[in-house]
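>>> Let me see the structure of the following:
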Amino acid sequence: MATGDQIKALIQAHYDQDNERFKTAALRMAASETRVGHTTLGREITAMVDASTRAKGNVINLANKGNLFLVSFPEVRLDDLVVSPEIAEKIDRILDEYRQRKRLASFGLSCRRKLLLEGTRARARL
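Residues are numbered from 1 along each chain as shown. Now for the predicted structure:
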């Protein structure tokens, strides 16, 4: 059975968003369970930590401290584009790929992630 200190360390690491300390605490709990004869539980905890590490990789918190990056939202929408029917069809296909990205991934494919549009923004004069 995990000790109270191990459980507290696990909870504190979670609230501090310290992934490395969380994994270490979980692995210590797994080792502790294995030592007292709960080998199946120890293996399951270890497998969960390993699977979590492989599946997600490292996540970096991008809090905007010190205005390191700029977030903006476009003023021009897709409906505002004036393009030929052929170009509109290509754009629709790319957007459809993006919407179906999970289905494509299930076949080992990826959607296009970059699109370069060139042109000028014309403003209507009244």
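
>>> Just the residues contacting the helix or strand of the chain with the lowest mean pLDDT, thanks.
Between all helices and strands in the chain, the lowest mean by mean pLDDT, DSSP states H and E belongs to helix 39-56, at a mean of 81. Around helix 39-56, the neighbours that count as contacts under C-beta atoms under 8 Å, 6 or more residues apart in numbering are 23, 26-27, 29-34. Yep, even glycine has a C-beta here, placed from its N, CA and C like the rest.

>>> ok, so of those, who is nearest residue 95?
residue 23 (38.4 Å; C-beta to C-beta).

>>> Is residue 104 in contact with residue 112, as I believe?
No. Between residue 104 and residue 112 no contact is recorded; they are 10.1 Å apart, counting by C-beta atoms under 8 Å.

>>> overlap in contacts of those two?
residue 97.

>>> So which of the contacts of helix 39-56 are in helices?
Secondary structure assignment (DSSP state H) places 23, 26-27, 29-34 from those within helices.

>>> Buried ones among those?
The neighbour-count criterion (16 or more other C-beta atoms under 10 Å) marks 23, 26, 29-30, 32-34 among those as buried.

>>> Could you pull up the mean pLDDT of the helix or strand following the least confident helix or strand of the chain?
Counting by DSSP states H and E, the element after helix 39-56 in chain order, helix or strand, is helix 85-99. Helix 85-99 carries an average pLDDT of 89.
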